[in-house]
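[1] Prediction below, plus the sequence it came from.
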Amino acid sequence: GSYEDEVESVIQDLIKGDYDTIVDVGSAEGYYAVGLARACPNVPIVAFDCVEKAQEALKDLARVNGVEDRIEVNGDCTNETLGKAVNGRTFVICDIEGAEREVIDPVGCPGLLECDLLVEMHVQDVKDTSDVIKARFAATHHIDSFMTKTKSAVDYPSLTVLPEHLRQVALDEMRLPGQEWVWFRRKETSASEG
């Protein structure tokens with residue numbers, strides 16, 4: 001229960017939300033795609049990952065969990081392919097190791113302005129990535145940030161089954177300091193605002 005627990009409250013809101021589609025950009029082996037398919041049994045999942053081995057691992061994990069018929073697995077995510085995945089009320093989760101600046105762009109993919117998004121910012125290479133993406137959605141979305149925190153084995157009693165020297169290793173997500181998740185929640189517009 002420690003993996004990316006900084007955003008657990010957002011994931012819980014997502015599960016309770018009334019979404020028509022969930023899009024996982026950077027799905028890797030399927031942690032979120034498969035988990036959300038299980039937690040949201042009536043919502044189709046569209047997953048993107050540019051690594052073929054990750055795509056195959058996701059398909060295997062989906063099969064084992066009995067959700068393979070509800071997850072569409074794709075390769076590269078571009079503005080165009082992302083735009084095609086947005087369908088109705090859509091939640092986008094994005095963790096693409098630094099390419100978020102190019103993909104999470106409502107100029108190239110206007111449908112993003114109608115989505116709720118959870119984006120992991122990888123700012124080590126380009127320092128202003130988070131600010132640039134936040135500015136793109138400032139007028140249309142509420143924006144909350146969650147910083148990666150150092151985890152302590154003391155906070156996870158289930159780890160007592162491990163030898164003491166491995167408990168902290170089990171919690172290490174190998175994240176650099178300053179890693180940030182940003183939650184963009186679409187602002188509701190009243191009928192008078194049109």
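    Sure, I can see it. Residues are numbered from 1 along each chain as shown.

[2] okay, which residue is most central for this structure?
    residue 93 (2.5 Å; C-alpha atoms, centre = their mean).

[3] Is it correct that that one falls within a helix?
    No. Residue 93: not assigned to a helix; according to DSSP: H, G, I helix; E, B strand; the rest coil it is strand.

[4] Give me the helix or strand of this structure that scores worst on average pLDDT.
    Within the chain, no helix or strand scores below helix 164-171, which has a mean of 67 by mean pLDDT, DSSP states H and E.

[5] remind me, longest helix of this protein?
    Longest helix in the chain, counting residues (DSSP state H): helix 52-64.

[6] What residues sit buried inside that helix?
    When burial is assessed from 16 or more other C-beta atoms under 10 Å, helix 52-64 yields the following buried residues: 54, 55, 57, 58, 59, 61, 62. In short, each C-beta sits where N, CA and C put it, glycine included.

[7] Wait, the first one touches residue 33, no?
    No. With contact defined as C-beta atoms under 8 Å, residue 54 does not count as touching residue 33 (10.5 Å).

[8] which neighbours do these two share?
    Taking C-beta atoms under 8 Å, 6 or more residues apart in numbering as the criterion, residue 54 and residue 33 both touch residue 27.

[9] Which one of the buried residues of helix 52-64 is nearest to residue 19?
    Nearest to residue 19 out of the buried residues of helix 52-64 is residue 62 (C-beta to C-beta; 18.5 Å).

[10] ok, that closest one - contacts?
    Residue 62 is in contact with 30, 33, 34, 37, 68, 70, 71, 73, counting by C-beta under 8 Å, 6+ apart.

[11] And it, how far from residue 90?
    Going from residue 62 to residue 90 by C-beta to C-beta, to the nearest Å gives 20 Å.

[12] roughly how far is stretch 157-167 from the heart of the chain?
    Stretch 157-167 sits 28 Å away from the centroid of its parent chain (C-alpha atoms, centre = their mean, to the nearest Å).

[13] For the residue nearest to the centre of the chain, give me its contacts.
    Residue 93 makes contact with 14, 22, 23, 24, 25, 32, 36, 117, 118, 119 under the criterion C-beta under 8 Å, 6+ apart.

[14] Inside strands: which ones of the residues you listed?
    Residues of the contacts of residue 93 located in strands (DSSP state E): 22, 23, 24, 25, 117, 118, 119.

[15] Please work out how many residues are found near the last one.
    Other residues within reach of residue 119, judged by other C-beta atoms under 10 Å, total 26.
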